[in-house]
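> Everything below, folded, please.
(2 chains)
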Amino acid sequence: MEYVLTILALIVLWTILSASFNLVIGFAGLLIVAQPLFYGIGAYATAAAAMFLGVPVPLAPLLGILAALLASIVLSVPCVRVSGDYLLIASIGFLLAGLQVIRNTESIGGAGGLAHIPALFEGPNRTLWFLLVSGAFAAATLWLVRWLVSGDFGRAVVAMRDDEEALAGLGRDVLRIKVFLVAVSAGCAGLAGGLYALHFQFVSPDQFELLHAAMMLACVIVGGIGSTLGPPVGAAIVIALPQLITMLEMPPAVMAAIQGMLFTGLVIAFLFLRPQGLFGSAAAVGGSRVEAK
Amino acid sequence: MMDVTVFLQIAWSSIAGSSFYVLVAVAFALYLKVTTYWNFAQAAQIGIAFYLLYALVRVLAWPAWAALGATFVVVAGFGLALEAWGMRVLRRRNSPHLTYFIFTFMVAQFAGFLLMLLGGTEPRSLVASLFMPGFLVAGVSVTAWDVEAIIVTLVLLGGIALLLSGTAAGERILAVSDNRQLAEFYGISAERTYMLASIVCAVPIVAGVWLFGTRTTFLPTTGLDLLLIATVATILGGVGSVIGAGVAALALGLMRGFSVFVVPSIWENALVYFALVLAVVFLPRGFGGLWTSLLARRRAARMSQAAATARASEAA
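This is a model prediction of the structure:
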């Protein structure tokens, strides 16, 4: 039972991550793949706040959100001036450089990571309580994304994705919209990181590698890019499906490789057989929008 | 104060050690120049090349020339398959650049996991011992590998330059990279040219992997690491400039070599990634683009000065 609850908790955390990632990459059309770094910064800042600064554990994720938000501003203010592939490359560089900084900073555990982080919940039902709390945050994230992409602001976001110059011509501050969306997305990732740190009580730089950007992309692509319902379904498939392999009782290295092949293969298959994913619309993956950049 | 011999030693070792970065950067930049897509699936080609060379040379004890030939055929074939069943399909669908990134990135990751499954996670090299005896030239230690690496890199770069500038195939590649529609109007098949570019790119990839594998150890994730340095070099060299990417890769190698005097060696990789972000933000057209715009500005200033002189003489 504990195992199933832990998998569900991971699905919920990855729902927050993929929904916030989808806000930037799917709805806004910004090719930023630094989400694992914001997730990691949230996790490390939360852990450090709880362990070294004496911040009460339930409040520690607030520092995680703040740290991830600030990191997103450092990335987005200079970088969103460039678009398309250049933004993508800059965000990869930012992610890798950030991870190197974490890896080389001994005060936060260096490459070995931080262990013995205080837990959010104690006792026999801690995973169930964690699942309920993080589930509420996941629902709030989905609602936030839906709210942001609907109404007047949502129309501006979609217009920015489809024709940035036209929106700027109408007097909207495109740069501010981009920075705001990246900050919201990073804040959500920081929250997910904080929750992760406080439940699993161990964080290391290896948990926030470029590979995790591939996993988040997998959630978004499988669920449906640019759809609100897609990310939770994508997260459920991408997290739960590889768990089936664990039943085969293979050596960990072999299992990790097969699990990796499974989710990357799934994305490649979806790209060619159902590019709109399970819940996305065909228009969301059409050639006109990002190509226009 | 740095000792001259130490300076020369670091410079020489960095230049020789940059050879595989230069070759991979040239392959990456060439594909980008022709197709306009960042092909991260070249990381898969790098991984396949290494493990195939390892199997042929270390396990089956094939001679190096035969192993290199067979590896080239497989790597070029993989590139062609990727073009035919991947990139071409995406082009026909008029897919956004994001889709190409996801596809090539996922292919690279998939290949990394597959190689991890087949080859394990322990580091491997193409030679039994990585110890390289050297000889001294003016106090600088030079190894046979250094000489081989520099000669192979120069010969291949010369060959690629000759192919691009002196052959009909090279003309087709340049025509498509300049203006695909116009090239097709003149009867050049863009799709065939992309295939040709994939085959050409396989040459520096296989050579680069050979040099890398005979100098240091390789992991299933090394392909992507090499390609990220190629990405930095491509941007610094100026997108569209194959030679610029090669020169930038060499400069990055020198920067990494000399960085030990400024920062601890653990920050070497971070420096490269910071350089990537800074290059994209402040120098998106690279040093090549900066040089071109400086030349254009100087030409414009000269023309306006000439026009002003002409107006003045007319008035007189």
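> can you give me the strands in the stretch 151-293 of chain A?
A:202-203 (DSSP state E, counting those that start in this stretch).
> helix, strand or coil for residue B:141?
strand (DSSP: H, G, I helix; E, B strand; the rest coil).
> Could you verify my assumption that it touches residue B:6?
No. Counting by CB atoms under 8 Å, residue B:6 is not a contact partner of residue B:141; they are 11.2 Å apart. (Glycine included, C-beta is placed from N, CA and C.)
> quick one, which of those two is more surrounded?
A direct count of neighbours by other CB atoms under 10 Å in any protein chain shown for residue B:141 and residue B:6 places residue B:141 higher, at 15 against 12.
> ok, how many other residues are close to the closest residue in space to the more buried one that isn't next to it in sequence?
Of all residues not flanking residue B:141 in the chain, residue B:134 sits nearest, at 4.2 Å (CB to CB, 6 or more residues apart in numbering or on different chains). Residue B:134 is flanked by 13 other residues according to other CB under 10 Å.
> which residues does residue B:134 bridge with?
Residue B:134 has the following beta-bridge partners by DSSP bridges: residue B:143.
> Give me the phi and psi angles of residue B:187.
phi 90, psi 10 (degrees, to the nearest 10).
> Helix, strand, or coil at residue 45?
All of this refers to chain A. Once three-state DSSP is applied, residue A:45 turns out helix.
> Next one: it from residue A:61, what distance?
Separation of residue A:45 from residue A:61 (CB to CB, to the nearest Å) stands at 9 Å.
> pLDDT score assigned to the residue nearest to residue B:141?
pLDDT, residue B:134: 80.
> Residue A:26 now?
Predicted confidence (pLDDT) for residue A:26: 88.
> What of residue A:281?
64.
> one step back: between residue A:45 and residue A:61, which contacts overlap?
Common neighbours of residue A:45 and residue A:61, using CB atoms under 8 Å, 6 or more residues apart in numbering or on different chains, are A:190, A:194.
> by contact count, what packs against the host helix or strand of residue B:181?
Per DSSP states H and E, residue B:181 falls inside helix B:180-185. If you count contacts as 3 or more CB pairs under 8 Å, 6 or more residues apart in numbering or on different chains; DSSP states H and E, helix B:180-185 packs onto helix B:168-178, helix B:190-213.
> Is chain A within reach of the shortest one?
It refers to helix B:168-178. No. On the criterion CB under 8 Å from any CB of the partner chain, helix B:168-178 is out of touch with chain A, staying 16.0 Å away.
> Which strands or helices does that helix pack on?
Secondary elements touching helix B:168-178 (3+ CB pairs under 8 Å, 6+ apart): helix B:19-35, helix B:144-166, helix B:180-185, helix B:190-213.
> got the angle between it and helix B:190-213?
100 degrees (axes from the mean of the first three to the mean of the last three CA atoms, to 10 degrees).
> just the CA coordinates of helix B:168-178, formatted as CSV?
Coordinates of each C-alpha in helix B:168-178 appear next as CSV, following Å, rounded to 0.1, in the frame of the first residue of the first chain:
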residue,chain,number,x,y,z
ALA,B,168,29.4,19.5,-57.3
ALA,B,169,28.1,17.8,-54.1
GLY,B,170,29.5,20.6,-52.0
GLU,B,171,27.9,23.2,-54.3
ARG,B,172,24.6,21.5,-53.8
ILE,B,173,25.0,21.5,-50.0
LEU,B,174,25.9,25.2,-50.0
ALA,B,175,23.0,26.1,-52.4
VAL,B,176,20.4,24.3,-50.2
SER,B,177,21.8,25.9,-47.1
ASP,B,178,21.7,29.4,-48.6
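> before we move on, the earlier item: residues of the helix holding residue B:181 that come out buried?
Buried residues in helix B:180-185, counting neighbours by 16 or more other CB atoms under 10 Å in any protein chain shown, are found at B:180, B:183.
> just stretch A:104-118 next, same as before
The neighbour-count check on stretch A:104-118 (16+ other CB under 10 Å) flags A:104, A:108-109, A:113-114, A:117-118 as buried.
> just stretch B:87-103 next, same as before
Quick answer for stretch B:87-103 (16+ other CB under 10 Å): B:87, B:90-91, B:95-103.
> If you average the pLDDT over the helix ranked longest in chain B, what comes out?
Using DSSP state H to define each element, chain B has its longest helix at helix B:286-315. Averaged over helix B:286-315, pLDDT sits at 77.
> Wondering if it reaches chain A at all.
No. Using CB under 8 Å from any CB, helix B:286-315 stays clear of chain A, coming no nearer than 11.2 Å.
> elements contacting that helix?
Against helix B:286-315 (3+ CB pairs under 8 Å, 6+ apart) you get helix B:222-237, helix B:242-258.
> Residues in contact with the helix holding residue B:181: which ones?
Contacts for helix B:180-185 (CB under 8 Å, 6+ apart): B:172, B:175-176, B:190, B:193.
> most surrounded residue in these?
Neighbour-wise, these (other CB under 10 Å) top out at residue B:176, 25 neighbours.
> Does it touch residue B:187 like I think?
No. The criterion here is CB under 8 Å, and residue B:176 misses it with residue B:187 at 11.8 Å.
> where does the chain dip in pLDDT?
Looking at chain A here, since you left the chain open. A:281-293 (pLDDT under 70).
> try again with chain B
Short version for chain B, where the test is pLDDT under 70: B:1-2, B:288-292.
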